[in-house]
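K.L.:
pasting a predicted model and its sequence here:
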Amino acid sequence: MSEAAGEEFAREQDGFDYELSSDGSTGGFENFFLPGDSDINGASRPIMEEEIQEASDTGFQPVEFQCAGDALTAVVNNDNDWLDCADLDQLSEIWHPDSAPETWADINSDWPDEEIELFGAATTSGTFDYWTEEVVGELRVIREDFDGTEEDDEIAQGVAGNEYAHGYLPYAYYDNNPDSVKALEIDAGDGCTAPSLEAASEGSYPLARPIFWYVNQQKLQENEALQEFMRFAIELSGDRSIVSEDIGYVAMNDQEVQENLDRLEAAIDGDLSEDEAIPSMN
């Protein structure tokens with residue numbers, strides 16, 4: 001989303017220059033945003049209370065804008081013919097350090113007695129935080145013997161290269177590479193649901209999650225170029241042709257776009273309470 005917004009804004013604004021770094025949500029918070037070195041942090045999970053406090057200690061208020069939705073997708077190798085739908089308990093069992101099955105047969109005796117090879121997000125990623133909290137059941141708790149990376153293509157390649165592998169990806173990556181790996185349906189107790197933008201938008205897909213931008217309010221108030229960029233980016237977040245068709249995320253609806261624009265103007269004017277600045281905390 002940040003890359004698309006930057007590229008589109010640069011096309012319309014001659015001379016606009018920006019720097020974009022891919023460090024993962026948590027890495028971006030810790031290394032750049034919370035110390036006050038960056039204007040914006042893209043995040044695939046909500047900001048945490050301790051991060052809000054760290055920003056306050058630095059001297060600024062973060063302002064939250066949901067910019068898209070995602071359907072985080074659990075994947076297996078295309079030759080996996082024993083698992084089409086996984087429930088959350090099964091996924092938790094696979095990834096939790098207290099259970100940590102070595103083979104598929106350790107989960108179900110009818111499944112292959114072959115070692116499970118796991119691929120997932122690096123610990124600096126917001127996707128890692130989301131997966132551990134929502135799937136494993138404990139934030140940042142996970143078995144150690146998995147291959148972690150910030151690169152989605154490395155996860156897909158790893159799963160594609162081993163019949164007994166398993167991992168998880170943003171839906172946007174899977175949607176653009178649907179033949180490389182097999183997506184699992186997810187059962188949270190109401191039956192199996194396949195990952196899709198429609199299911200994520202409707203709320204029926206269990207691993208639907210929001211995608212955010214967090215903006216430094218102090219820098220926002222001081223920088224007119226940042227203000228104009230954020231107005232543009234928020235409008236772009238409602239453009240289905242870019243967000244859904246090109247990127248593979250759920251676009252924001254008209255009401256959500258307007259709420260974000262209203263929050264932006266309130267943040268610029270200084271007329272925004274701490275609760276209003278971070279809607280996900282309410």
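P.N.:
Looks like it arrived, so ask away.

K.L.:
can you check the pLDDT for the closest residue to Asp39 other than its chain neighbours?
P.N.:
Take Asp39 and drop its neighbours on the chain: the residue closest to it by C-beta to C-beta, 6 or more residues apart in numbering is Lys219, 4.9 Å away. Every residue, glycine included, has its C-beta placed from N, CA and C. Model confidence at Lys219, given as pLDDT, is 98.

K.L.:
OK, contacts around Lys219?
P.N.:
Residues counted as contacts of Lys219 (C-beta atoms under 8 Å, 6 or more residues apart in numbering) are Asp39, Phe60, Leu226.

K.L.:
only alpha carbons, please: show whichever helix or strand it is part of as PDB.
P.N.:
Element membership for Lys219, per DSSP states H and E: helix 217-222. The C-alpha atoms that make up helix 217-222 are tabulated as PDB, following Å, rounded to 0.1, in the frame of the first residue of the first chain:
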ATOM      1  CA  GLN A 217       1.200  13.700  14.400                       C
ATOM      2  CA  GLN A 218       3.900  16.200  15.200                       C
ATOM      3  CA  LYS A 219       5.500  15.700  11.800                       C
ATOM      4  CA  LEU A 220       2.100  15.800  10.100                       C
ATOM      5  CA  GLN A 221       1.300  19.200  11.600                       C
ATOM      6  CA  GLU A 222       4.700  20.600  10.500                       C
END
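
K.L.:
so how far is it off the chain centroid?
P.N.:
25 Å (C-alpha atoms, centre = their mean, to the nearest Å).

K.L.:
next, the buried residues of the next helix or strand after it.
P.N.:
With elements assigned by DSSP H and E, the helix or strand that comes after helix 217-222 is helix 224-236. For helix 224-236, the neighbour count (16 or more other C-beta atoms under 10 Å) marks Leu226, Gln227, Phe229, Met230, Arg231, Phe232, Ala233, Ile234, Leu236 as buried.

K.L.:
pretty sure the third one sits against Ser2.
P.N.:
Translated: Phe229. No - contact between Phe229 and Ser2 fails when scored by C-beta atoms under 8 Å: they sit 10.4 Å apart.

K.L.:
tell me the buried residues in the helix or strand of the chain with the lowest mean pLDDT?
P.N.:
For the chain, using mean pLDDT, DSSP states H and E, the weakest element among its helices and strands is helix 171-176, scoring a mean of 91. Within helix 171-176, the residues that count as buried by 16+ other C-beta under 10 Å are Tyr171, Ala172, Tyr173, Tyr174, Asp175.

K.L.:
what lies in contact with that helix?
P.N.:
Contacts with helix 171-176, where a contact means C-beta under 8 Å, 6+ apart, come from 70-73, 75, 152-153, 156, 181, 183, 195-197, 200, 247-249.
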